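Have a look at this prediction, sequence included:
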Amino acid sequence: RGDRGENFARGERGDRGDRSEGAATGSRVEGGERSGRSGGERGGVGGAGGGRSRELTLGRKVVAYGTLVFIVVSISGFVLWLPRNLSGFCSWKVWKAGLKIRVTKGFWAFIYDMHNTVGFYTLIPILILALTGLCWSFDWYRSGLSRVLGDEIFKQRRMRMNMAMIDPVDDSMQPLLIEEIIKRTDGYIPGVGEVIVNIPASRNGVMLVQKGRTGFFALSVKDSVQWDRYRGKLVPFKIPVSGVDPENVIEVDVNRFSDKKLGEQIAMSIRSLHFGDVTGLSSKLVFGLSCFLVSAFPITGIMIWIKKLRANYRKRKMDKAKKLNAKIKPETDQTPIVESA
């Protein structure tokens, strides 16, 4: 993608014979061949490719079911973290104790708080990662979540596969420069940010231009337009009205993220939520730190489990000794009582 994009940015002629010049600073140019390749064509079916495909399928199943177990363990751990009675729910002192990490109360107090308190703080990020990751693992989960949100998850893939086509192009017609396309896009999507230009694989394909914000707290969402690069006019998007019914569509010139409903916005952000870049670098730091801390939970959990096993073993041993001592009573001298005359 990089080499081909650089060639088009410099105005060199590519293999398709299309010419474009002068990509703007801060923009990224992508070739369209990748968007025209389906996921099933990436790996072979027979021979070595088939073996690798089976290995990938097995690995995906292991990851998928492991994620389900991880979600159950995380939720059950949160339930165990909650106060055990109603009086605890109403006491701030009880809640405060569960939110602090004790570093001066000894080694085992620190390990216990690392497992419980830090687990509470990282619960939301790791659940987001796990719940969104299941969208790649199970079709039934992805379909069900799409119906709940009211929009198809990974709809962008199908839209890229079914890109609109423009009217037939004459050999004498020349495409607009990329700089001109970006300049015209600024009229529909104002503001400064990252610009991604997708060059179509064929002369009759549309040029997709996406524009998004950049920054520490910037949402990783993009507004987009489609151009007929030979005639310099917009090509409208055909967007499903219901989200899950591809036949019922409306046409819009600018596909804006802010114009969509909340469920549609969440469905479009599944990938960003899973990869942790939904709010730029800030969310990457939060999700990355959470994943780093979660990696220590199996170790601290096993340590706490072993400590409780040893404590229970010592308690049973002491109870057994007490029972033996109670059965074996020492003999005491019994002095006869003499009644006085």
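Happy to help now that I have it. Note that the structure is a prediction, hence the values are computed from the model and not measured.

So, low pLDDT: which residues of the stretch 1-150 of the chain?
Low-confidence regions of the stretch 1-150 of the chain, defined by pLDDT under 70, span residues 1-56.

Let's see that with 90 instead.
Applying pLDDT under 90 to the stretch 1-150 of the chain flags the ranges 1-61, 80-106, 109, 113-114, 116, 150.

for it, what spans make up the strands?
For the stretch 1-150 of the chain, the strands defined by DSSP state E, counting those that start in this stretch occupy 27-31.

One more: the stretch 201-341 of the chain?
Taking DSSP E, counting those that start in this stretch as the criterion, the stretch 201-341 of the chain carries its strands at 207-212, 222-228, 233-234, 237-240, 249-252, 254-255.

The second one pairs with which strands, parallel or anti?
Counting by DSSP bridges, the strands paired with strand 222-228 are strand 207-212 (antiparallel), strand 233-234 (antiparallel), strand 254-255 (antiparallel).

If you average pLDDT over each of the strands of the stretch 201-341 of the chain, which is lowest?
Looking at those, the lowest mean pLDDT belongs to strand 237-240 (a mean of 77).

one step back: dump the strands of the stretch 201-341 of the chain to TSV, plus mean neighbour count.
Quick note: C-beta positions are derived from backbone N, CA and C, even for glycine. Converted to TSV, the strands of the stretch 201-341 of the chain look like this (neighbours: other Cβ atoms under 10 Å):
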stretch	mean neighbour count
strand 207-212	22
strand 222-228	22
strand 233-234	14
strand 237-240	17
strand 249-252	12
strand 254-255	18
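
how about those in TSV, adding distance to Lys307?
Output for the strands of the stretch 201-341 of the chain, formatted as TSV (distance: least, Cβ to Cβ, whole Å):
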stretch	distance to Lys307
strand 207-212	50
strand 222-228	50
strand 233-234	66
strand 237-240	55
strand 249-252	61
strand 254-255	56
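
among those strands, which is nearest Glu152?
Nearest to Glu152 among the strands of the stretch 201-341 of the chain is strand 237-240; the distance by Cβ to Cβ comes to 7.2 Å.

Pull up the pairing partners for that closest one, direction included.
Sheet pairing for strand 237-240, assigned by DSSP bridges, gives strand 249-252 (antiparallel).

Output the partner strand as CSV, nothing but the C-alphas.
What follows is strand 249-252, C-alpha atoms only, in CSV (Å, rounded to 0.1, in the frame of the first residue of the first chain):
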residue,chain,number,x,y,z
VAL,A,249,-31.5,2.6,1.6
ILE,A,250,-31.2,6.4,1.5
GLU,A,251,-28.7,8.4,-0.5
VAL,A,252,-26.5,11.0,1.2
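
Tell me which residues touch Ile239, please.
249-252, 255 (Cβ atoms under 8 Å, 6 or more residues apart in numbering).

before we move on, back to that, looking at the strands of the stretch 201-341 of the chain, spot the one closest to Met303.
Nearest to Met303, of all the strands of the stretch 201-341 of the chain, is strand 207-212, at 44.4 Å by Cβ to Cβ.

residues in contact with that closest one?
Here strand 207-212 has contacts from 160, 163, 181-182, 185, 189, 191, 193-200, 218-229, using Cβ under 8 Å, 6+ apart.

could you measure the residue nearest the centre of the chain against Thr67, distance?
With distances taken as Cα atoms, centre = their mean, His274 lies nearest the centre of the chain, 0.6 Å away. Going from His274 to Thr67 by Cβ to Cβ, to the nearest Å gives 11 Å.

Residues in contact with both of the two, list them for me.
With Cβ under 8 Å, 6+ apart, His274 and Thr67 have common neighbours Gly133.

For the contacts of Ile239, give me JSON lines that also has distance to Thr122.
Shown next, in JSON lines, are the contacts of Ile239 (distance: Cβ to Cβ, whole Å):
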{"residue": "Val249", "distance to Thr122": "41"}
{"residue": "Ile250", "distance to Thr122": "41"}
{"residue": "Glu251", "distance to Thr122": "44"}
{"residue": "Val252", "distance to Thr122": "39"}
{"residue": "Asn255", "distance to Thr122": "35"}
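
from these, which is closest to Arg310?
Distance to Arg310 across the contacts of Ile239 (Cβ to Cβ) is lowest for Asn255, with 60.9 Å.

Report the contact partners of that closest one.
Listed by Cβ under 8 Å, 6+ apart, the contact partners of Asn255 are 223-225, 237, 239.

One more pass at 6 Å, please.
By Cβ atoms under 6 Å, 6 or more residues apart in numbering, the contact set of Asn255 is 224, 237.
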